[in-house]
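Novice: need a 3D model of the following:
(2 chains)
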Amino acid sequence: MQPPQQFQSEASSNPSADLSAQPTFVPAGFWIRFVAAIIDWVIVFIAQTIVLLPFPEYHASFNPETAALNQISIPFLLLSLAISWVVVPLGYYGWFYKNKGGTPGKLLLGLRVLKSDTGTNLSYLTTWLREIPGKFLSAIILCIGFILAGLRSDKKALHDLMMGTQVVRKG
Amino acid sequence: MLLSPISEKGDNQKIFEGLSIQLSPAPVYLRVLCFLIDVGVISAILYPLLFIGLVLFGFVGAGASTLFSEEVGALIIIIFIGIFLLGFLLVNSLYFIYFERKSGQTPGKKLFGLQVISFDQQTLSIQQVILRELARIVDVMLLVPGIFTMIITEKNQRLGDLLAGTMVVRSRSEEEKSQSHYLNSEEFYAMLETLKPTRFEPEVEKSFLQFCFNHFTLGAHDKTNQYLADWIKAVNFQFKNQPADKYPPITLLRFYAEFALKSVNSQ
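Specialist: As a prediction, this is how the structure comes out:
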């Protein structure tokens, strides 16, 4: 946070007040983040459904002789699960956090997810670690990690504390 | 934002001539993404209603099953699901009609700076909006007809656009508006053109961004005020050969913070 040596003055001079009307941000609380997460879940769910449409194995076809739905092979099942449960959500969260500073649900409500030291956007790896192990640990004991966001003054949930991130809202 | 009316004749270059902001036909993948986002928003609003309704009708249906017969109970639940689906389609249409009539931008389109514009008038007329809505029934059938016509037409128009005489454009500057953090995007790009800044060294840039995040975003002035004057000096030093004097020091600091943030984010 300190400026380079050559610009540091002996005594700190009179700091001027910052009153210009510019975008300001405040830490975002639990409920607005919850609503944003619901929007994101729905969008990811729709996208997951769409990417599975081209797989003919998922199109139910009834065979009157065997009276059963068509068989699904194991390699196919793994491939489709990998696409719909790994590629789609990780791509969605990773791309939006890296390039936009938040997922659509968050951006529509004016929220941003930023690194809590420099205020820059998250990298793909940080996003993925925050989403999978981070939110899993937040959820595992009665969702106490998420509730933490409502209790702390800086509104950081457990996964925010672990990954060093901060969710802010346009104030 | 309202765009000036443009003529349908002529090539793309000619269409965008005279507009102060750079516009291009919106790419197909962004239009699909924006549509999904909009449907996601509507669904997120309506899902709680579906759950509440299913529970209520479940009780009513179970009661009717025991009082009358199972057929009556099943019928009640089927009627409810039918009403919900019709209601969903209605809300969906009203959402698009309302936002496209109002500004040509639904919330999903706004995120990416997309806007529906009409070829012959300033804003879309109600007939055009309704025509686009009716054509959407065909366009979104497994997403196939809409995407196909968007790919083969020059201005990425789907059937509804062709019928109503509209197109969807993408404006980079509109997209940037939602991305501004320390300084409004108009002011930022105006200053960027005149000042042409260069970046700090990586370590200096990191501590500068830490300072700006604490000072402007988190408002931790008790920690940061002691460095404020020194950072203003350091930023002024970056512009030593340029006409930076006409801007107030705080605006210059915010401009340079936005510049550093954008540089790091686009790495």
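Novice: ok, residue A:97 - contacts?
Specialist: For residue A:97, the contact set (C-beta atoms under 8 Å, 6 or more residues apart in numbering or on different chains) comprises A:103, A:113, A:121, A:122, A:124, A:126, A:127. Quick note: C-beta positions are derived from backbone N, CA and C, even for glycine.
Novice: low-scoring pLDDT stretches of chain B, where are they?
Specialist: Applying pLDDT under 70 to chain B picks out residues B:1-22, B:241-244.
Novice: show me where it has its helices.
Specialist: Using DSSP state H, the helices of chain B run over B:12-16, B:28-67, B:70-102, B:107-111, B:126-139, B:144-152, B:159-164, B:172-177, B:185-195, B:202-212, B:221-238, B:249-265.
Novice: indicate whether the fourth one makes contact with chain A.
Specialist: Yes: Helix B:107-111 lies in contact with chain A when judged by C-beta under 8 Å from any C-beta of the partner chain; the contacting residues are B:107, B:108, B:111.
Novice: what is the least confident helix or strand in chain A?
Specialist: Least confident element among the helices and strands of chain A, by mean pLDDT, DSSP states H and E: strand A:68-69 (a mean of 56).
Novice: and the helix or strand just after that strand, what's buried?
Specialist: Per DSSP states H and E, the first helix or strand lying C-terminal to strand A:68-69 is helix A:74-82. Neighbour-count burial for helix A:74-82 flags residue A:80 (criterion: 16 or more other C-beta atoms under 10 Å in any protein chain shown).
Novice: average pLDDT across helix A:74-82?
Specialist: Mean pLDDT, helix A:74-82: 83.
Novice: so how far is that helix from its chain's centroid?
Specialist: 25 Å (C-alpha atoms, centre = their mean, to the nearest Å).
Novice: can you name the element that comes right after that helix?
Specialist: That would be, after helix A:74-82 and using DSSP H and E, helix A:88-100.
Novice: does the helix or strand that comes right after that following helix reach chain B?
Specialist: As assigned by DSSP H and E, the chain's next helix or strand after helix A:88-100 is helix A:104-108. Yes: contact of helix A:104-108 with chain B (C-beta under 8 Å from any C-beta) involves A:104, A:105, A:107, A:108.
Novice: helix or strand right after helix A:104-108?
Specialist: Going down the chain from helix A:104-108, the next helix or strand is strand A:111-115, by DSSP H and E.
Novice: quick one: average pLDDT of that following strand?
Specialist: 92.
Novice: what strands line up against it, and which way round?
Specialist: strand A:165-170 (antiparallel) (DSSP bridges).
Novice: mind saving the C-alpha coords of the strand it pairs with as PDB?
Specialist: In PDB, the C-alpha atoms belonging to strand A:165-170 read as follows (Å, rounded to 0.1, in the frame of the first residue of the first chain):
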ATOM      1  CA  THR A 165     -11.800 -12.400  -2.000                       C
ATOM      2  CA  GLN A 166     -14.300  -9.700  -1.200                       C
ATOM      3  CA  VAL A 167     -17.800  -9.300  -2.600                       C
ATOM      4  CA  VAL A 168     -18.800  -5.600  -3.100                       C
ATOM      5  CA  ARG A 169     -22.000  -3.900  -4.100                       C
ATOM      6  CA  LYS A 170     -22.500  -0.600  -5.900                       C
END
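Novice: okay, buried residues for that strand please.
Specialist: If you call a residue buried by 16+ other C-beta under 10 Å, then strand A:165-170 has these buried ones: A:165, A:166, A:167, A:168, A:169.
Novice: try stretch A:84-91
Specialist: A:84, A:88, A:89.
Novice: one more: stretch B:79-90?
Specialist: Neighbour-count burial for stretch B:79-90 [16+ other C-beta under 10 Å]: B:80, B:84, B:88.
Novice: distance of the closest residue to residue B:77 other than its chain neighbours relative to chain A?
Specialist: Nearest residue to residue B:77 in three dimensions, chain neighbours excluded: residue B:61, at 4.6 Å (C-beta to C-beta, 6 or more residues apart in numbering or on different chains). Look at residue B:61 and chain A: by C-beta to the nearest C-beta, to the nearest Å, they are 25 Å apart.
Novice: try residue B:181
Specialist: 6 Å.
Novice: surely that residue meets residue A:119?
Specialist: Yes: Residue B:181 is in contact with residue A:119 according to C-beta atoms under 8 Å; the separation is 7.3 Å.
Novice: orientation of the helix ranked longest in chain A relative to helix A:74-82 in degrees?
Specialist: Scanning chain A for the longest helix, with DSSP H as the assignment, gives helix A:30-52. Per axes from the mean of the first three to the mean of the last three C-alpha atoms, to 10 degrees, the angle that helix A:30-52 makes with helix A:74-82 is 140 degrees.
Novice: which positions in helix A:30-52 come out as buried?
Specialist: Within helix A:30-52, the residues scored as buried using 16+ other C-beta under 10 Å are A:32-33, A:35-45, A:47-48, A:52.
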